[in-house]
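K.L.:
No letters, just coordinates:
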């Protein structure tokens, strides 16, 4: 086998989808250990894959980009022949690049299967298919150092990571409930790591009234630094968003709150990932007491993981 042989994988676009394709990347890396994997992904979410040991070159495919941008991408991809081209997204790129073998997702979404399982099933023509491995993220040293510096302001080691944002209002548990949850968690954790995008700062948790020290980095970190912060947390709680998928991929005990949506397909995938479904699929009807009870269970699970 030539040392420069490569595989091409076209992933999906948003953060959660990219995380849920990591079992495909892990399986390919194990099956073709001498191949680097070139990846086509969204510019922002692709940063989560940069530090993986299997990653070769990352190409950006921007949503809504014009034909000139698409042509430039195709020309770049055609610079190298691929042993295998796997497309989880477009059903087109493998036929336009130079590849010995092409694998395309022809099935679409299956409402009765998790997205990780649907993505992984695409590999059936290549691998002796088995259960998908867990989602996995790799941390880069610079982000780890940045997270370590930021966390110097928090006492102790038992930290709760919280992500109260989501990409549309129906997926957001009311910020006032998060505030009450955090106030009630003073006896469970040493401090709070508050995460989110810049948009989440418009709906802030009032950290001044909390009974716990709080590191609020909402809108102030890269995705990779957010991942490094999550990796140091004891437990994560948040809405249905990319940060929950990231926490689960880092093996952090994770509680994701679902109202509308399809948790059977899109919940975080991992051995320590839990979900709560709101009554009537309405997050306004999900009580603080119910979430606090589940959160305490996860804290105990996190302690057991630390001791193992």
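P.N.:
Happy to help now that I have it. All values derive from a computational prediction rather than experimental measurement.

K.L.:
can I assume residue 276 is in contact with residue 288?
P.N.:
No. Between residue 276 and residue 288 there is no contact under C-beta atoms under 8 Å: 11.8 Å. For every residue, glycine as well, the C-beta is placed using N, CA and C.

K.L.:
My read is that residue 60 contacts residue 45, right?
P.N.:
No. Shown here, residue 60 and residue 45 do not form a contact pair, counting by C-beta under 8 Å, at 10.1 Å.

K.L.:
Neighbour count for these two, which is higher?
P.N.:
Ranked by neighbour count (other C-beta atoms under 10 Å), residue 60 and residue 45 place residue 45 first, with 19 against 15.

K.L.:
surely the more buried one meets residue 223?
P.N.:
Yes. Using C-beta under 8 Å, residue 45 is in contact with residue 223, at 7.2 Å.

K.L.:
where do the contact lists of those two overlap?
P.N.:
Residues touching both residue 45 and residue 223 (C-beta atoms under 8 Å, 6 or more residues apart in numbering): residue 15.

K.L.:
pLDDT at residue 202, what is it?
P.N.:
Looking at residue 202, its pLDDT reads 52.

K.L.:
just residue 63 next, same as before
P.N.:
Residue 63 carries a pLDDT score of 71 in this model.

K.L.:
Is it in a helix, a strand, or coil?
P.N.:
Applying DSSP: H, G, I helix; E, B strand; the rest coil to residue 63 yields a three-state assignment of coil.

K.L.:
Now do the contacts for the nearest residue to it once chain neighbours are set aside.
P.N.:
Counting by C-beta to C-beta, 6 or more residues apart in numbering, the nearest residue to residue 63 once its immediate chain neighbours are dropped is residue 13, at 5.8 Å. For residue 13, the contacting residues are 41, 42, 45, 63, 89, taking C-beta under 8 Å, 6+ apart as the criterion.

K.L.:
and the fourth one, how far is that from residue 75?
P.N.:
The spacing between residue 63 and residue 75, counted by C-beta to C-beta, to the nearest Å, is 20 Å.

K.L.:
Ok, the third one next?
P.N.:
Distance from residue 45 to residue 75, counting by C-beta to C-beta: 23 Å.

K.L.:
tally of neighbours for the residue lying closest to residue 77 once chain neighbours are set aside?
P.N.:
Leaving out its chain neighbours, the residue that sits closest to residue 77 by C-beta to C-beta, 6+ apart is residue 97, at 4.8 Å. The number of residues packed around residue 97, counting by other C-beta under 10 Å, is 21.

K.L.:
from what I can see residue 97 touches residue 83, true?
P.N.:
No. With contacts defined as C-beta under 8 Å, residue 97 does not count as touching residue 83, sitting 11.5 Å away.

K.L.:
mind listing the helices for this protein?
P.N.:
For the chain, applying DSSP state H gives helices covering 15-20, 22-31, 67-77, 93-96, 115-121, 141-150, 175-184, 223-231, 242-249, 263-266, 288-307.

K.L.:
Done for today, thanks.
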